[in-house]
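[1] quick one, fold the following:
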Amino acid sequence: MRAAIWNQSDDSLCIVIPALNEEESIVNTAERCRQFRELAVRTRLLSHVDIVVVSDGSTDRTLELARTVKDIRTIEFVENRGYGAAIQEGWRTSDCNLLAFLDADGTCDPGVFEDLCLNIIRRDADLALGTRMGPDSQMPRVRRLGNRIYAMMLGILCGRSVTDTASGMRVLRRTALERIGSLPTGLNFTPAMSARALLGGLKVAEVPMSYAERVGESKLRIFSDGVRFFCSIIDAAFCFRPDRPFT
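    Numbering: from 1, shown residues only. Modelled structure (predicted):
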């Protein structure tokens, strides 16, 4: 992260880390978010950063280990409610005006939050997302292909697209979330947000980011979740532009 000193910001950021059985990576992810917070506040990029780990029905030591990290909050779902539900619950318990999340699996670098926040604060974007489609990304090929297909769909449906529709690292304004409307509770939370933001006319920015090989086992099921991603994009199209899928 760059060490530039910005004018004192009144913006506050809530980072939610949804976690389902991520005991191998949760401490490292949370600690790296704390490092971002320390530098962001010291350089006056943000006035405050709230970090929340939501254990989404974890049956391993995820929650126990998360509670060892200082100065973060934890929320426990006794039963699994879904990726999107965990993120939205974390946001609900915070009063920050900027909302963010990143995956708990060690794939994302919390330092990228700096550029994401700058796109919101300085460049007036409503939603800034990290794109994992660059040359230094370790994203599996089949998921790269899926992202390209979803991006093509969005381009056809609304004339706008993003390269990484399912990016697991984002920052958005709370006011933008209100404009986006209801979002699903599962893994299709991210493509649904992308589609609704683009179709709803929000200003969306993309920031290139590195993407490491995940720690532990992936929760994504390529076929079943891919179908849900597809349906989420179509659903958003019918909601915002009901005539577009047929034109």
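
[2] buried ones in stretch 82-97, by neighbour count?
    By neighbour count on 16 or more other CB atoms under 10 Å, the buried set for stretch 82-97 is 82-91, 94, 96. (Each C-beta comes from the backbone N, C-alpha and C, glycine too.)

[3] hang on, I meant stretch 37-54
    Going by 16+ other CB under 10 Å, stretch 37-54 has these buried residues: 37, 39-41, 43, 45-46, 48-54.

[4] return the member of the residues you listed nearest to G111.
    L39 (8.5 Å; CB to CB).

[5] thought A86 was touching L187, still the case?
    No: using CB atoms under 8 Å, L187 is not in contact with A86, being 10.9 Å away.

[6] before we move on, what SS does S194 have?
    helix (DSSP: H, G, I helix; E, B strand; the rest coil).

[7] might one say that it is in contact with A166?
    Yes: shown here, S194 and A166 form a contact pair, counting by CB under 8 Å, at 7.5 Å.

[8] what's the average pLDDT for stretch 70-83?
    Stretch 70-83 shows a mean pLDDT of 97.

[9] what's the end-to-end length of it?
    With CA to CA, to the nearest Å as the measure, stretch 70-83 spans 24 Å from end to end.

[10] output the below-cut-off pLDDT ranges for this protein.
    1-8, 134-147, 150, 154-159, 161, 212-247 (pLDDT under 70).

[11] which SSE is immediately downstream of the helix or strand where R37 lies?
    Element membership for R37, per DSSP states H and E: helix 26-42. Following helix 26-42 in sequence order, the next helix or strand is strand 48-56 (DSSP H and E).

[12] from the contact counts, what lies against that following strand?
    strand 12-19, helix 26-42, helix 62-66, strand 73-77, helix 83-92 (3 or more CB pairs under 8 Å, 6 or more residues apart in numbering; DSSP states H and E).

[13] so what does the first one touch, helix or strand wise?
    Okay, so that is strand 12-19. Here strand 12-19 touches helix 26-42, strand 48-56, helix 83-92, strand 98-102, helix 113-121, going by 3+ CB pairs under 8 Å, 6+ apart.
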